[in-house]
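J.: here is a sequence together with a model predicted from it:
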Amino acid sequence: MIAEIDSLNEHFDKLMPEERLRELFNVQDEQKILFTSSFGSTAVVLLHMLSRVKPGMPVYFLDTGYHFKETLDYKNQVAALLNLNIIDVQAEERKYRFTTENETWRYNQDLCCYINKVRPVEELQKNYDVWVSGLLRFQNANRVNMKVWERKQDILKFHPIIDMTQEEVMLYMQIWDLPTHPMVEAGYDSIGCFHCTTKGNGRSGRWKDSAKTECGLHI
């Protein structure tokens, strides 16, 4: 399996981000490819590429029930602009209600993330071989060594824009006149659930005053 990953990375490393996405559909069954998006500050880049490469491809949005209204409005704006096929995914109602009634994010952020983010995606992954996400190396230290292809348990992870710099992301958005998440101008570089997001550079505004830097989806 390591040899397979190495071979994929050797091939895909030579390609530009959009070329990687096109090549993915040449080497993998479309029905076995899972796309997810947070509709965060940089999400529109990969979504725009997808709209060019494979229009109508399902994109799953993890609706935790705790998103900022601005994020939900932005999701609708981008979906309409790019004619995206968005499918909302949520935790089981009783489990979500547990985190709400007990305010789980106050005393066990990992559990809250697992119930509302990780577990719903784990259920989704059972039907797919490849999971595509818009992670970027510059976002935090945990991602700096990530490759285009990686394996996480029983699924292959594909990061077509992983090596784009912050400047390249901004330039791409400018060239294609793509909308910016409205909270970016207010000082939010990374945007998640409203309980655990504050203003800050990079992901420093996530889970402030905590050692936590990831929700658990990508580690």
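T.: Perfect, thanks for sending it.

J.: alpha carbons only: can I get the least confident helix or strand in the chain by mean pLDDT in CSV?
T.: When each helix and strand of the chain is scored by mean pLDDT, DSSP states H and E, helix 2-12 comes last, with a mean of 86. Extracted C-alpha coordinates of helix 2-12, given in CSV (Å, rounded to 0.1, in the frame of the first residue of the first chain):
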residue,chain,number,x,y,z
ILE,A,2,2.9,2.4,0.8
ALA,A,3,4.3,1.7,-2.7
GLU,A,4,0.9,2.5,-4.2
ILE,A,5,0.7,5.9,-2.4
ASP,A,6,4.3,6.7,-3.4
SER,A,7,3.5,6.0,-7.0
LEU,A,8,0.4,8.1,-7.0
ASN,A,9,2.3,11.0,-5.4
GLU,A,10,5.1,10.7,-7.8
HIS,A,11,2.7,11.1,-10.7
PHE,A,12,0.3,13.7,-9.2
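
J.: list the buried residues in it.
T.: Across helix 2-12, burial judged by 16 or more other Cβ atoms under 10 Å covers 5, 8, 12. C-beta: built from backbone N, CA, C; applies to glycine.

J.: what's the closest of these to Met164?
T.: Set against Met164, the nearest of the buried residues of helix 2-12 by Cβ to Cβ is Phe12 (13.8 Å).

J.: helices of the chain, start to end?
T.: All helices of the chain, identified by DSSP state H, fall at 2-12, 17-27, 43-53, 69-82, 93-102, 109-113, 119-125, 166-175.

J.: how about those in CSV, adding distance to Ile33?
T.: CSV is the format used below for the helices of the chain (distance: least, Cβ to Cβ, whole Å):
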stretch, distance to Ile33
helix 2-12, 14
helix 17-27, 7
helix 43-53, 10
helix 69-82, 18
helix 93-102, 27
helix 109-113, 24
helix 119-125, 12
helix 166-175, 22
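
J.: who wins for proximity to Thr36 among these?
T.: In terms of Cβ to Cβ, the element of the helices of the chain nearest to Thr36 is helix 119-125, at 6.8 Å.

J.: who does that closest one touch, helix- and strand-wise?
T.: strand 33-37, strand 58-62, strand 85-89 (3 or more Cβ pairs under 8 Å, 6 or more residues apart in numbering; DSSP states H and E).

J.: contact partners for the closest residue to Phe12 other than its chain neighbours?
T.: Using Cβ to Cβ, 6 or more residues apart in numbering and skipping the chain neighbours, the partner closest in space to Phe12 is Val148 (4.6 Å). With contact set as Cβ atoms under 8 Å, 6 or more residues apart in numbering, Val148 has these partners: 8-9, 12-13, 20, 158-160, 162-163.
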